[in-house]
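K.L.:
coordinates only, sequence not included:
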C-alpha cells in the first residue's frame, strides 16, 4: 500500500511517500516540498501548489492520501493559506477516487513516538529510524509529510475515519477512537494556549 | 464584460453572473447556489463545490471572477471551509487564465450602497435595483454573489488589485486605494468585535 502524506502550506507544502508492506514494514519512497512564490497573486499560488500535488499523486499513484488536519485556532497569519492548500490536496485525491485521511499533529506524534506531545526533533529521529534513512529528512516540512504518511500506516486496523460511525467498533477500535479523540482535544486546547 | 461573483462556502456557495456594458450599465445573467452535502466526507464536499464552480465558469465564460475575501477573524466554525471554497474558486479561474479579484464585504457594500457598513437588506435592495430585477434575488448567498460581481464592475478604473504596486497610481486611484484599505481595516476590526 502506497501512502502519500501532505504537510499543507501555501508557501511550502511537504509531500512524503512511503510503502506499507506486510507486518507493518514501512519503506521510504520519496520526499519533496512543493512551493509557490509569495510574489504572485494568491490564485496563481494555489494553482502552482495544486499542479505540484497533482504531479506527485500521478507519479506515485498512492492508495491513500494522509493530510494534516488544520484547525481554525492555528497561526492566524497562515491558517487560511494552509487550509486552502489542504483543500487542494483533498480535491486532487478526490478527483482520482483516492481515499483521504485527515490526521492531527498529535495523532501523528502519538503514532510515531508513543507520545502525543513529543518534540519535533523526537518525531524527526523516529521517522528517520522507522524508514531506515541514513540521515534526517530535510527540510522540516518534508519530515512532517513523512510523519503523516507513517501515522496513517501505523493506525490500528479499523481506526475510525472521518465519515464513519462509532456504533459498530470492536473494543480495540473503540479504545483507539477514544485516544484519538482525547489527543485531538488536547491538541486544540494546546493551540488555544490552555 | 462578463463578471462571475462568488460568495464562498462549503455548504452553500453563491454564484452570480452579470454583464457590465458601456456607461456602467449592468445586466443580470444568472444566479444560483452550488451546494455540498454535510453528510459526506470533506474531500467529497470540496470536489462537488469545485465541480459546481467549474460548471458555472465553463457555462458563463466570465472575463473576471470576483470572490469575497475571507478573513481568519471570521466565524471560527466555518472559516476554514469558507477559505477552502474560496481557494477552489480561485483555482478554477486560474486554471482557465481568468483574472481573479478578491473584494471584502465592506468594499462590496461601499461600491453598491455608498456605505461600507450598510445593512444586508439595503445591499439586497440596491442589487435588485441596479440589476432591474422584479424581486430580490434569493437565497441570501445568491444576492451576496451578485453584490460581489457588481462591486467588481463598479470599482474605479485602475483600482488597485491584489498583486499590484502602489507607486504609479494617479491621485484618483490613490484615493480609492486608501478608501479600500481603510474599509478593509474597519472590516477586520468589526470582525474582531473592536
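P.N.:
Right, received. Where do you want to start? A quick note: this is a predicted structure, and the numbers were derived from the prediction, not measured. Numbering: from 1, shown residues only, chains lettered A, B, ... in the order given.

K.L.:
Going by C-alpha atoms from here, please, whenever you check contacts or count neighbours.
P.N.:
Fine.

K.L.:
Strands of chain A, start to end?
P.N.:
Taking DSSP state E as the criterion, chain A contains strands spanning A:2-7, A:12-20, A:26-35, A:64-68, A:100-103.

K.L.:
Just say which of these is most tucked in.
P.N.:
Ranked by mean neighbour count, these are led by strand A:2-7 with a mean of 29 (mean count of other CA atoms under 10 Å in any protein chain shown).

K.L.:
what's the angle between it and strand A:64-68?
P.N.:
Orientation note: strand A:2-7 sits at an angle of 20 degrees relative to strand A:64-68 (axes from the mean of the first three to the mean of the last three CA atoms, to 10 degrees).

K.L.:
hmm, strand A:2-7 touching chain B?
P.N.:
No - Strand A:2-7 stays clear of chain B (CA under 8 Å from any CA of the partner chain), getting no nearer than 13.9 Å.

K.L.:
Partner strands of that strand, with direction?
P.N.:
strand A:12-20 (antiparallel), strand A:64-68 (parallel) (DSSP bridges).

K.L.:
Those strands: which one's closest to residue B:69?
P.N.:
With CA to CA as the criterion, residue B:69 lies closest to strand A:12-20 of the strands paired with strand A:2-7, at 21.9 Å.

K.L.:
chain center to the closest one: distance?
P.N.:
Strand A:12-20 sits 8 Å away from the centroid of its parent chain (CA atoms, centre = their mean, to the nearest Å).

K.L.:
Also stretch A:55-63?
P.N.:
For stretch A:55-63, the separation from the chain centroid amounts to 15 Å (computed by CA atoms, centre = their mean).

K.L.:
rewinding a little: can I get the strands paired with strand A:2-7 in JSON lines with mean pLDDT?
P.N.:
Below are the strands paired with strand A:2-7 laid out as JSON lines (pLDDT from 0 to 100):
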{"stretch": "strand A:12-20", "mean pLDDT": "96"}
{"stretch": "strand A:64-68", "mean pLDDT": "97"}
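
K.L.:
I'd like those strands laid out as JSON lines, including distance to residue A:1.
P.N.:
Formatted as JSON lines, these follow (distance: least, CA to CA, whole Å):
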{"stretch": "strand A:12-20", "distance to residue A:1": "5"}
{"stretch": "strand A:64-68", "distance to residue A:1": "8"}
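
K.L.:
So for residue A:138, what pLDDT did the model give?
P.N.:
In this model, residue A:138 is scored at 81, pLDDT.

K.L.:
is stretch A:70-89 anywhere near chain B?
P.N.:
Yes - using CA under 8 Å from any CA, stretch A:70-89 reaches chain B at A:71, A:72, A:73, A:76, A:77, A:79, A:80, A:83, A:84, A:87, A:88.

K.L.:
Just the closest of those to chain B, please.
P.N.:
residue A:84 (4.6 Å; CA to the nearest CA).

K.L.:
Setting aside sequence neighbours, what's the nearest residue to residue A:13?
P.N.:
In this structure, residue A:13 finds its nearest non-sequential neighbour in residue A:34, 5.0 Å apart by CA to CA, 6 or more residues apart in numbering or on different chains.

K.L.:
Please apply the same query to residue A:70.
P.N.:
Nearest one to residue A:70, counting by CA to CA, 6+ apart, is residue A:83 at 6.0 Å.

K.L.:
Then residue A:101?
P.N.:
Residue A:101 sits nearest to residue A:66 (CA to CA, 6+ apart), 4.8 Å away.

K.L.:
re the thing from before, so can I have JSON lines of the strands of chain A showing distance to residue B:92?
P.N.:
Listed next are the strands of chain A as JSON lines, based on distance: least, CA to CA, whole Å:
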{"stretch": "strand A:2-7", "distance to residue B:92": "21"}
{"stretch": "strand A:12-20", "distance to residue B:92": "20"}
{"stretch": "strand A:26-35", "distance to residue B:92": "19"}
{"stretch": "strand A:64-68", "distance to residue B:92": "22"}
{"stretch": "strand A:100-103", "distance to residue B:92": "21"}
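
K.L.:
Worst mean pLDDT across the helices and strands of chain A, which element?
P.N.:
helix A:171-191 (a mean of 50; mean pLDDT, DSSP states H and E).

K.L.:
so the residue nearest to residue A:70 sits right up against residue A:7, yeah?
P.N.:
No - using CA atoms under 8 Å, residue A:83 is not in contact with residue A:7, being 10.7 Å away.

K.L.:
In contact with residue A:146, which residues?
P.N.:
Going by CA atoms under 8 Å, 6 or more residues apart in numbering or on different chains, residue A:146 touches A:4, A:5, A:6, A:15, A:16, A:17, A:18, A:31, A:127.

K.L.:
Next up, the contacts around the fourth one.
P.N.:
By that I understand residue A:15. Here residue A:15 is in contact with A:4-7, A:31-34, A:56, A:141-142, A:145-146 (CA under 8 Å, 6+ apart).

K.L.:
No further questions, thank you.
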